[in-house]
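Peer 1: just the structure for this:
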Amino acid sequence: MAQPETPNEEIFALDIGTRTIIGIVGQRDDKRFRILAQTVAEHDSRAMFDGQIHDIPRVAAVVSRVKNTLEQQLDRPLTKVAIAAAGRSLQTRRCSAQRQIEENREIGEDIIRSLELAALRQAQEELDAENEGRESFYCVGHYPVSYCLDDLVLTNLLGHRGRTAGVELIATFLPASVVNSLFSVLRRAGLEPVSLTLEPIAAMEVAIPPGMRLLNLALVDIGAGTSDIAITRDGTVMAYGMVPMAGDELTEAVVEGCLVDFDTAEMIKRQLEQPGEIRYTDILGVPQTTSASQILDILGPVLDKLADEIGTVILELNGGQAPKSVICVGGGVQVPGLTARIAARLGIPDKLVGIRGREMIQRLEAPDGDELAGPTGVTAVGIGMLALEKAGYTFINVRVNGEEVRVFNTRHLNVAAVLGQMRFDPQRLVSRNGRDLRFYLNGKEEVVLGELSRPARVFVNGTRANLQTPVEDGDHIEVAEATDGRDARAYVRDYLRDEWTVQFTLNGREVTASPVCVLNDRVVSPETEIKDGDWLTIRHRQTIGSLVEMQGLDPGSYEVQVNGRPVAETYVIQPGDQVVLNPLGDGAAAPVRDGILVTVNGKPVHLTGRQQHIFVDVLNHLDLDLTRVKGTPVLRLNGRQAGYTDVLKDGDEVTISWEETT
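Peer 2: Numbers count the residues shown, from 1 in each chain. As a prediction, the model looks like this:
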């Protein structure tokens with residue numbers, strides 16, 4: 001791979017683990033990797049399980065804390081970072097590609113890269129076919145098993161000449177959900193990813209350098225959530241695997257055996273290699289004292305199971321044969337007795353299964369008093385060194401609405417994937433029609449449609465495109481945001497007609513009868529807005545019977561004439577009608593009272609100004625101090641229970657009282 005041009009290039013690397021997050025800033029100088037700053041922080045709660053992020057905000061908070069600590073040590077900001085993903089959902093594929101080349105052309109990095117990308121495309125297609133589109137996958141790392149030139153197997157094609165070149169790779173993939181959660185954490189912490197790999201690949205980079213890979217070795221990286229495995233042989237990494245069990249299962253055994261919380265169990269587990277008694281307080285608040293041997297007795301069954309799982313996967317990956325040696329790294333490997341159990345499961349001597357720390361890393365310059373000198377700090381160094389070696393392979397640059405962004409280069413990278421990896425709110429791409437308004441008008445459902453939305457418009461390099469349009473390095477994407485449609489609105493006035501307002505004369509006096517609008521049992525004005533689910537009743541047909549009733553008269557005692565002719569009670573009054581009420585017997589026209597007289601709580605109240613009065617009108621004539629009134633109002637009309645919209649007639653008796661509620 002091409003080496004970075006800058007001799008003193010720096011890298012910020014994060015090892016985001018299930019229990020801890022380790023951050024280092026390193027610098028490559030004269031082929032050495034020097035650690036400039038480092039720190040470690042524990043999660044405040046169990047925000048990750050088995051290497052998978054469950055609580056993005058909590059993990060991002062710890063990442064921010066690590067970043068801030070390193071910035072204080074260096075006295076400068078950090079904006080870009082290299083990361084690695086755990087192998088919890090790892091998919092591994094062996095793939096190859098071959099192509100014809102110009103016979104006299106020296107093979108350069110461009111040809112090697114095109115070969116590797118062709119092989120990766122083959123692996124991706126096989127994975128998609130097996131998965132049947134249920135989940136998309138990101139390639140998070142690949143290792144060349146071998147190169148070939150004109151049927152000759154080589155370890156490196158660079159500088160050679162020939163007619164046919166080929167490559168065989170081991171490619172590792174993770175589900176998009178795993179990778180996206182990592183990117184979400186980094187965005188919240190104000191960091192841009194510059195490299196993404198797999199934790200066992202990163203650990204392999206420093207624990208088993210290329211010169212040792214001629215041997216058949218196994219690397220086991222035991223963290224808190226997963227135990228990642230890699231196998232080397234014949235100069236290359238030939239297989240990767242994972243056991244979904246690690247240090248957290250040991251901690252949970254201590255939780256049950258000692259009746260303590262998870263954090264206390266972690267503290268107990270970390271004291272197993274220290275001399276003296278182990279003191280702790282159980283969940284009942286009782287101080288307890290135990291010994292390392294007693295805790296190891298509790299852990300025995302879990303250690304046996306973990307060693308058996310690791311040994312089984314190693315044998316499966318290695319063709320049923322035990323490797324020559326097993327190198328163990330990671331914080332979870334330090335529990336006494338674990339390496340001996342792995343050796344027993346593989347049938348090899350104990351001395352061939354060893355724990356390695358940073359002292360084994362070639363060309364590493366660690367700080368004095370290195371707090372991460374043991375197996376815990378190995379993977380973080382591997383992430384940083386691998387990022388420098390593979391610089392430029394993981395991401396491409398595009399411009400989105402004029403802003404340059406660096407995105408993960410997946411197979412068939414499209415506009416949707418680019419927008420999904422940057423700080424672009426997906427809601428800006430999705431529009432909705434305005435909400436419809438549904439209510440009931442005179443007992444029948446009425447629907448007012450909301451406004452139609454305007455969808456987002458996408459352009460790639462000035463040409464109309466869509467979210468599925470492929471994107472390449474250097475492309476310019478323009479996105480015109482979607483616009484929501486306005487929600488439907490309606491007012492009572494929208495459902496009134498001019499002809500429903502009727503003017504006529506009653507015994508020689510001009511009278512105007514307007515529609516009565518009742519919204520949810522309350523008389524309202526035409527300007528009232530209608531809400532979803534409302535019940536609107538519009539009474540606009542004024543009949544002779546209702547007119548007589550409004551006057552408080554007995555319809556059977558009067559003759560009603562309209563325009564000089566007798567009419568029935570059901571006659572609907574028309575504009576300009578001349579209505580006369582004549583009492584039967586004396587021939588004199590009936591007097592028309594201005595308003596009605598009712599009794600409210602024993603006192604007479606004269607209601608005027610309306611053709612029809614309802615119960616709520618009397619409230620304006622009561623002397624009520626609503627700040628002192630307590631309880632539920634009880635409304636009665638002529639002795640029966642009433643409602644606010646009940647029609648009042650001349651002579652009605654109204655009572656209003658309050659019933660105390662408990």
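
Peer 1: pull the residues that contact the strand or helix carrying Ile231.
Peer 2: In the assignment (DSSP states H and E), Ile231 maps to strand 227-233. With Cβ atoms under 8 Å, 6 or more residues apart in numbering as the test, strand 227-233 has contacts from 86-87, 90, 198-201, 203-204, 208, 212-221, 237-243, 245-246, 306, 309-310, 313-314, 317-318, 323, 330, 332. In short, each C-beta sits where N, CA and C put it, glycine included.

Peer 1: just stretch 364-374 next, same as before
Peer 2: With contacts defined as Cβ under 8 Å, 6+ apart, stretch 364-374 is touched by 22, 32-35, 38, 40, 206, 334, 355, 357-359, 377, 380-381.

Peer 1: just these: which are in helices?
Peer 2: In helices, judged by DSSP state H, the following of these are found: 206, 380-381.

Peer 1: just send those residues back as a markdown table, with distance to Ala344, neighbour count and pLDDT too.
Peer 2: Below are those laid out as a markdown table (distance: Cβ to Cβ, whole Å; neighbours: other Cβ atoms under 10 Å; pLDDT from 0 to 100):
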| residue | distance to Ala344 | neighbour count | pLDDT |
| --- | --- | --- | --- |
| Val206 | 28 | 25 | 83 |
| Ala380 | 31 | 30 | 89 |
| Val381 | 30 | 27 | 89 |
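
Peer 1: from those, which single one is nearest Val194?
Peer 2: Nearest to Val194 among the ones in helices among the contacts of stretch 364-374, counting by Cβ to Cβ, is Ala380 at 15.3 Å.

Peer 1: quick one: contacts for the nearest residue to the closest one once chain neighbours are set aside?
Peer 2: Distances taken as Cβ to Cβ, 6 or more residues apart in numbering place Asp15 nearest to Ala380, at 4.0 Å, with adjacent residues excluded. With contact set as Cβ under 8 Å, 6+ apart, Asp15 has these partners: 21-23, 84, 199, 202, 379-380, 383.

Peer 1: and Asp15, bridged to which residues?
Peer 2: For Asp15, the beta-bridge partners are Ile22 (DSSP bridges).

Peer 1: which one of the contacts of Asp15 is nearest Ile111?
Peer 2: Ile111 has its nearest neighbour among the contacts of Asp15 in Ala202, at 26.9 Å by Cβ to Cβ.

Peer 1: roughly how far does the residue nearest to Ala380 sit from Glu205?
Peer 2: According to Cβ to Cβ, to the nearest Å, Asp15 stands 13 Å off from Glu205.

Peer 1: I figured Arg457 hits Leu467, correct?
Peer 2: No - using Cβ atoms under 8 Å, Arg457 makes no contact with Leu467, being 11.0 Å away.

Peer 1: dump the residue contacts of Lys656.
Peer 2: Wrong residue type there; residue 656 is Ile, not Lys. Listed by Cβ under 8 Å, 6+ apart, the contact set of Ile656 reads 600-601, 618-619, 622, 633-636.

Peer 1: in whichever strand or helix holds it, what's buried?
Peer 2: In the assignment (DSSP H and E), Ile656 maps to strand 653-659. Neighbour-count burial for strand 653-659, counted by 16 or more other Cβ atoms under 10 Å, picks out 654, 656.

Peer 1: same thing with stretch 217-227?
Peer 2: If you call a residue buried by 16+ other Cβ under 10 Å, then stretch 217-227 has these buried ones: 217-227.

Peer 1: with stretch 373-388 instead?
Peer 2: Of all the residues in stretch 373-388, those buried under the rule 16+ other Cβ under 10 Å are 374-388.

Peer 1: what of stretch 568-575?
Peer 2: By 16+ other Cβ under 10 Å, the buried positions in stretch 568-575 come out as 571, 573.

Peer 1: same thing with stretch 303-319?
Peer 2: Buried residues in stretch 303-319, counting neighbours by 16+ other Cβ under 10 Å, are found at 303, 306-311, 313-315, 317-318.

Peer 1: hang on, the earlier thing: avg pLDDT for the strand holding Ile656?
Peer 2: On average, the pLDDT along strand 653-659 is 80.

Peer 1: sheet partners, orientation included, of that strand?
Peer 2: Applying DSSP bridges to the sheet, strand 653-659 is found paired with strand 596-600 (parallel), strand 632-637 (antiparallel).

Peer 1: just so I know, which of those lies nearest Gly285?
Peer 2: strand 632-637 (50.4 Å).

Peer 1: quick one: average pLDDT of that closest one?
Peer 2: What strand 632-637 shows for mean pLDDT is 81.

Peer 1: hmm, who's touching the next helix or strand after it?
Peer 2: Per DSSP H and E, the first helix or strand lying C-terminal to strand 632-637 is strand 640-641. If you take Cβ under 8 Å, 6+ apart as the criterion, strand 640-641 is touched by 634-635.

Peer 1: stretch 603-615 spans what distance, first to last residue?
Peer 2: Start and end residues of stretch 603-615 are separated by 15 Å (Cα to Cα, to the nearest Å).

Peer 1: so how far is that stretch off the chain centroid?
Peer 2: Centre-to-centre, stretch 603-615 and its host chain are 60 Å apart (Cα atoms, centre = their mean, to the nearest Å).

Peer 1: ok, now stretch 355-375?
Peer 2: Relative to its chain's centre, stretch 355-375 lies at 38 Å (Cα atoms, centre = their mean).

Peer 1: repeat that for stretch 511-531.
Peer 2: Mean-position distance between stretch 511-531 and its chain equals 46 Å (Cα atoms, centre = their mean).

Peer 1: and what of stretch 164-177?
Peer 2: Distance of stretch 164-177 from its chain centroid, counting by Cα atoms, centre = their mean, is 29 Å.

Peer 1: rewinding a little: dump the contacts of Asp15 into TSV; add distance to Thr281 as well.
Peer 2: Below are the contacts of Asp15 laid out as TSV (distance: Cβ to Cβ, whole Å):
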residue	distance to Thr281
Ile21	27
Ile22	29
Gly23	32
Ala84	37
Glu199	35
Ala202	38
Thr379	33
Ala380	33
Ile383	37
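
Peer 1: closest one to Val398 out of the residues you listed, please.
Peer 2: Val398 lies nearest to Ala84 out of those, by Cβ to Cβ, at 24.2 Å.

Peer 1: which element is that closest one on?
Peer 2: In this structure, Ala84 is located in strand 80-85 according to DSSP H and E.

Peer 1: list the buried residues of whichever helix or strand comes after that strand.
Peer 2: Using DSSP H and E, the helix or strand that follows strand 80-85 towards the C-terminus is strand 91-100. Going by neighbour count (16+ other Cβ under 10 Å), the buried part of strand 91-100 is 91-93, 95-97.

Peer 1: quick one on the thing from earlier: tell me the first helix or strand C-terminal of the strand holding Ile231.
Peer 2: Following strand 227-233 in sequence, per DSSP H and E, is strand 236-243.

Peer 1: what residues does that following strand touch?
Peer 2: Strand 236-243 has contacts (Cβ under 8 Å, 6+ apart) with 86-88, 90, 92, 143-146, 170, 172, 198, 200-201, 204, 213, 226-232, 306, 309-310, 313-314, 316-318.

Peer 1: surely Tyr54 touches Ala47?
Peer 2: Not Tyr; residue 54 is His. Yes - between His54 and Ala47 there is a contact under Cβ under 8 Å: 6.1 Å.

Peer 1: between those two, which is the more surrounded one?
Peer 2: Ala47 (19 against 12; other Cβ atoms under 10 Å).

Peer 1: follow-up on the earlier one: so can I have TSV of the buried residues of strand 91-100 showing distance to Arg432 and pLDDT?
Peer 2: TSV is the format used below for these (distance: Cβ to Cβ, whole Å; pLDDT from 0 to 100):
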residue	distance to Arg432	pLDDT
Gln91	36	76
Thr92	42	77
Arg93	40	79
Cys95	43	83
Ser96	48	85
Ala97	45	82
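
Peer 1: can you tell me how far Arg541 is from Pro566?
Peer 2: Shown here: Arg541 relative to Pro566, a distance of 20 Å by Cβ to Cβ.
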